[in-house]
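[1] below are the sequence and a predicted model; questions follow.
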Amino acid sequence: MPCGYHRPCPASARDCLSVNTTSALAPAPTAFMLDLDGTLVDTLGDFVAVLNRVMADMALPEVSRAFVEHTIGQGSEHLIRSVLAEAGAPQQRYEEAWTLYQRHYEVLNGEHADVFPGVIEGLDALKALGLPMACLTNKPAAFARELLRRKGLAHYFDRVFGGDDFERKKPDPMPLLKTCEALGSMPATTWMIGDSSNDARAAHAAGCPIALVSYGYNHGEPIRGVPADRYLDRLDELLG
Ligand SMILES: O=C(O)COP(=O)(O)O
Ligand SMILES: [Mg+2]
């Protein structure tokens, strides 16, 4: 009997991994979308290093690690504007800061960043299901693709979408709906895996199931306070 996921199924339907995940995940997945910063890679060190180079170039005070940690996740523009405000610098300096940020990020991307424990094991397990997978982040797409490449994660993903690929960013549902469309998967069975209330709000609005990891950057708030279908302390817990 066909398994309903693969034609032809690489195993018999009874042994098919995708069928067997049904018990671990409800609704049974037909595709996955994974957030990047705070979910796959601990990039806090990159953000702090880049921002502090920008601040030094602009003769502004250093930004604290804690402030950056609470501010990550809503895209680069939001991060830069928040850091300028925190330093008491006028928003008229945004363009200058953005240009410097791009220049430094391109060079430092991944240098102060590590793949979280359990991510490789988790991605291997997801990949073995044979379902479409996308990386969906608010990070600019070029930086996201390069970071995945530098960390040896690029081959897991059929598609990579960044914060500049769509008109609106997470927590808007648009990036998730467009990604489901690109993967050829219905939102109701396309699992989003993220680390913040931003990912959860986008998933709820798009009608996607959401699993949240506990080790990322949820704007300084405990992740289990954010409504979700699953909470994970490691990515490889997702499939049990
Ligand atoms: O805010 C960013 O640049 C990235 O955030 P995300 O990968 O968690 O979406
Ligand atoms: Mg994130």
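    Here it is on my side, so go on. All figures in this text were calculated on a predicted structure; none of them were measured in a lab. Ligands and ions are numbered 1, 2, ... in the order given.

[2] what is the burial count for the nearest residue to L183 once chain neighbours are set aside?
    Closest residue to L183 apart from its sequence neighbours, by Cβ to Cβ, 6 or more residues apart in numbering: P132 at 4.1 Å. All C-beta atoms are positioned from the backbone trio N, CA, C, and that covers glycine. Residues contacting P132 under the criterion other Cβ atoms under 10 Å number 20.

[3] correct me, but P132 touches E181?
    No: using Cβ atoms under 8 Å, P132 is not in contact with E181; the gap is 11.4 Å.

[4] I'd like the average pLDDT over stretch 225-237.
    Average pLDDT, stretch 225-237: 97.

[5] now do the end-to-end distance for that stretch.
    19 Å (Cα to Cα, to the nearest Å).

[6] buried residues, that stretch. List them.
    Neighbour counts over stretch 225-237 (16 or more other Cβ atoms under 10 Å) mark V226, A228, D229, R230, L232, L235, D236, E237 as buried.

[7] hey, where'd the helices end up in the chain?
    Secondary structure of the chain by DSSP state H: the helices cover 17-21, 44-57, 65-71, 76-86, 94-108, 119-127, 141-150, 174-183, 197-206.

[8] now the ones you listed as TSV including distance to ligand 2?
    Shown next, in TSV, are the helices of the chain (distance: least, Cβ to the ion, whole Å):
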stretch	distance to ligand 2
helix 17-21	23
helix 44-57	11
helix 65-71	11
helix 76-86	12
helix 94-108	16
helix 119-127	13
helix 141-150	11
helix 174-183	13
helix 197-206	6
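
[9] most tightly surrounded among those?
    helix 197-206 (a mean of 23; mean count of other Cβ atoms under 10 Å).

[10] hmm, that helix in reach of ligand 1?
    No: Helix 197-206 lies apart from ligand 1 when judged by Cβ under 6 Å from any ligand atom; the minimum separation is 6.8 Å.

[11] what do you get for stretch 91-109?
    No: using Cβ under 6 Å from any ligand atom, stretch 91-109 never reaches ligand 1; the gap is at least 9.9 Å.

[12] in contact with H78, which residues?
    T71 (Cβ atoms under 8 Å, 6 or more residues apart in numbering).

[13] surely L51 meets V63?
    Yes: here L51 reaches V63: they are 5.1 Å apart, a contact under Cβ under 8 Å.

[14] any shared contact partners between those two?
    In contact with both L51 and V63: V83, using Cβ under 8 Å, 6+ apart.

[15] low pLDDT regions in this structure?
    The model of the chain has pLDDT under 70 over residues 1-23.

[16] near ligand 1, which residues of this protein?
    D35, L36, D37, G38, I72, G73, Q74, G75, S76, T137, N138, K139.

[17] could you measure from the fifth one over to D236?
    Counting by Cβ to Cβ, to the nearest Å, the gap from I72 to D236 is 23 Å.

[18] pick out the residue nearest the middle of this protein.
    D35 (1.5 Å; Cα atoms, centre = their mean).

[19] could you pull up the residues touching it?
    Counted by Cβ under 8 Å, 6+ apart, D35 has contacts C135, L136, T137, K170, M192, I193, G194, D195, S196, D199, G216.

[20] number of residues surrounding the first one?
    Read that as C135. C135: 27 neighbours (other Cβ under 10 Å).
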